[in-house]
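Trainee: here is my input; please provide its structure:
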Amino acid sequence: MRNKQLKSIYTLLLLTLCCSFAGGQPTRVITDMGGRRVTVPKIIKRVYIDKHCAMMVNAIAPELTVNVAFNPSNEAKQLLSPAIWKGKPYTQGSAEEILKLHPDIVFMSDELSPSVVDKANKMQAQLKLPVVLLEMNMEGYKPNLAFLGNLFGKQQKAAELIGFIKTYLDVIEKRAKQIPRNARRQVYYAEGPNGLSTDPSGSKHSQIIDFVGATNIAKAEIIPGKGMSVVSMEQVMVWNPEVILVWTGSAENLVTYKYIHSDPLWANIRAVKNKLVYQIPWLPYGWFDRPPGTNRILGTIWTANLLYPAIFKYDMVKVTQEYFRKFYHVNLSVAKAKALIISKPKM
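Mentor: Numbers count the residues shown, from 1 in each chain. Below you'll find the predicted structure:
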C-alpha cells in the first residue's frame, strides 16, 4: 500500500465516524486499513485473531483475544504473557472454529490488494460478523497500531509501541538509505532443510534485508503466500553470498544451520568460508519472518546490528528486554535475553 494511502488512513479514517444501535447494542462505523467501512460494537470485548496479526493485536490488548493463532511450545509460553495463550484454544481459522468462540469482531491481515479486500468481504458475509482488515507491510505498523489503539480505547499503549518503532525502525530506515551501494552486505536468506529455498527482494518474507540496507542476492521468482522459492546449489554458488541468514521450521534442532555447516558443497560458499552464517532467533516467534508480523520489529533491529554494527550500535540485550516488555508483556532476565540472541549456536 502506498505511503500516501497509509497516511490518509492514519490521519483521517481511524475511528469515530458514527454511532447507531443494532439489536439493542451500540455500534459505530469504522474504516479499516483496507479502506472498508465496517460496523462494529462500540465496546469490543471478544476478538478473533488470524496468524499474521496475532502479535500486533496481542501487543495492544491480549485480554480481548479469544483464540491462539499459533500453538506455542512450552519454551515459547515462558516468553509470553499468559494472557496471550492461557485458556485459549489454538485455531486454524475455519468458519466453524470462529463462530464457536463468539467473537465481537474478526481480524484478517495481509498485504493489501483488491483480492484481499474481496476476501474480507466474503468472510464477513459468511460469518455475519464484522471482519476488520489490517495491513501487514512493515510500513503499516504505526498506522495499524494507532488504529487498534483507537478501536480498543488503548491509545496510550498504542503510543508506547509506536514510540518504540520511531526510536528504532524509523532511525534504521533513514540510516540504511545512506549506506553506499558498494558497501551493502550481500545476503542470502537460507530456508528449508538444505538451505535451498529462499525469498528474493520484494517478497514480504525477506523485507527486512532491504529495510536495513543490505542486498538480497537471490534472483528467483517471488512465490505468493508462503513463499520459499526453490533454487539450486549452482545458483547459490554463482551468487556466492557474503552473509547467510538461516531460518528453518525446526529451528530448535538447527536443521538448516547444521546442514550448511556440514555439506561439502556449501563449504565452497564465501559466507561459509568466512564463518558469516547466522541462525535467526526463533523464540517465541521467528524474529525475521514466519509469520511476517510485528515480530519482525525486533528482527529488524537484530539484523541491522548484525550486518552493520558500526552504524547500528545497539545493546541488543537491552533492546530485546524492552521489546519483550512492551510487545509480549513479560520481563526477561539478562541471561534469557542473551540466550535468545545468540546468532552462532553450538552444534
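Trainee: and A125, which of the three is it?
Mentor: Three-state call for A125 (DSSP: H, G, I helix; E, B strand; the rest coil): helix.
Trainee: now do V132
Mentor: The three-state assignment at V132 reads strand, by three-state DSSP.
Trainee: OK, contacts around the closest residue to it other than its chain neighbours?
Mentor: Of all residues not flanking V132 in the chain, D32 sits nearest, at 4.8 Å (C-beta to C-beta, 6 or more residues apart in numbering). Using the backbone N, CA and C atoms, a C-beta is placed for each residue, glycine as well. Contacts for D32 were tallied using C-beta atoms under 8 Å, 6 or more residues apart in numbering; they are V38, V132, L133, L134, F147.
Trainee: switch these over to CSV; also include pLDDT, neighbour count and distance to Y278.
Mentor: Converted to CSV, the contacts of D32 look like this (pLDDT from 0 to 100; neighbours: other C-beta atoms under 10 Å; distance: C-beta to C-beta, whole Å):
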residue, pLDDT, neighbour count, distance to Y278
V38, 98, 19, 42
V132, 98, 26, 37
L133, 97, 25, 35
L134, 96, 26, 30
F147, 97, 25, 34
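Trainee: want to throw those residues into CSV with distance to W239?
Mentor: As requested, the contacts of D32 are exported to CSV (distance: C-beta to C-beta, whole Å):
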residue, distance to W239
V38, 45
V132, 41
L133, 37
L134, 34
F147, 39
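Trainee: that older thread, quick one, grab the pLDDT at the residue nearest to V132.
Mentor: D32 is assigned 97 on the pLDDT scale.
Trainee: tally of neighbours for K273?
Mentor: K273 has 12 neighbouring residues, counting by other C-beta atoms under 10 Å.
Trainee: give me the phi and psi angles of it.
Mentor: Dihedral pair for K273: phi -60, psi -40, per degrees, to the nearest 10.
Trainee: leaving out the residues flanking it, which one is nearest to it?
Mentor: Spatial nearest neighbour of K273, excluding adjacent residues (C-beta to C-beta, 6+ apart): A267 at 7.2 Å.
Trainee: please pull out the lowest mean pLDDT helix or strand from this structure.
Mentor: Lowest by mean pLDDT, DSSP states H and E among the helices and strands of the chain is strand 18-22, with a mean of 44.
Trainee: just how off-centre is whichever helix in the chain runs longest within its chain?
Mentor: The longest helix of the chain (DSSP state H) is helix 155-176. Centre-to-centre, helix 155-176 and its host chain are 15 Å apart (C-alpha atoms, centre = their mean, to the nearest Å).
Trainee: now do stretch 234-251
Mentor: For stretch 234-251 - counting by C-alpha atoms, centre = their mean - the centre lies 21 Å from the chain centre.
Trainee: over to stretch 195-212?
Mentor: Put simply, stretch 195-212 sits 13 Å off its chain's centre (C-alpha atoms, centre = their mean).
Trainee: cool, stretch 228-248 as well?
Mentor: Taking C-alpha atoms, centre = their mean, one finds stretch 228-248 lying 22 Å from the centre of the chain it belongs to.
Trainee: again with stretch 222-230
Mentor: On C-alpha atoms, centre = their mean, the centre of stretch 222-230 falls 16 Å from that of its chain.
Trainee: list the buried residues for that stretch?
Mentor: Residues I223, G227, M228, S229 are the ones in stretch 222-230 that count as buried (16 or more other C-beta atoms under 10 Å).
Trainee: measure it end to end?
Mentor: Chord length of stretch 222-230, first to last residue, is 10 Å (C-alpha to C-alpha, to the nearest Å).
Trainee: mind jotting down where the helices sit in the stretch 51-200 of the chain?
Mentor: Assigned by DSSP state H, counting those that start in this stretch, the stretch 51-200 of the chain shows helices spanning 54-60, 74-77, 82-85, 95-100, 114-127, 141-152, 155-176.
Trainee: deepest of these, which one?
Mentor: Greatest average neighbour count among these goes to helix 54-60 (a mean of 25), per mean count of other C-beta atoms under 10 Å.
Trainee: keeping just the C-alphas, turn that helix into CSV.
Mentor: C-alpha atoms of helix 54-60 as CSV (Å, rounded to 0.1, in the frame of the first residue of the first chain):
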residue,chain,number,x,y,z
ALA,A,54,-1.7,-12.1,16.3
MET,A,55,1.4,-10.4,17.7
MET,A,56,0.1,-6.9,16.9
VAL,A,57,-3.3,-7.3,18.5
ASN,A,58,-1.8,-9.1,21.5
ALA,A,59,0.7,-6.3,21.9
ILE,A,60,-2.3,-3.9,22.4
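Trainee: which helices and strands does that helix pack with?
Mentor: For helix 54-60, the elements it packs on are helix 141-152, helix 155-176, judged by 3 or more C-beta pairs under 8 Å, 6 or more residues apart in numbering; DSSP states H and E.
Trainee: picking up where we left off before, of the buried residues of stretch 222-230, which belong to strands?
Mentor: Secondary structure from DSSP state E places S229 of the buried residues of stretch 222-230 in strands.
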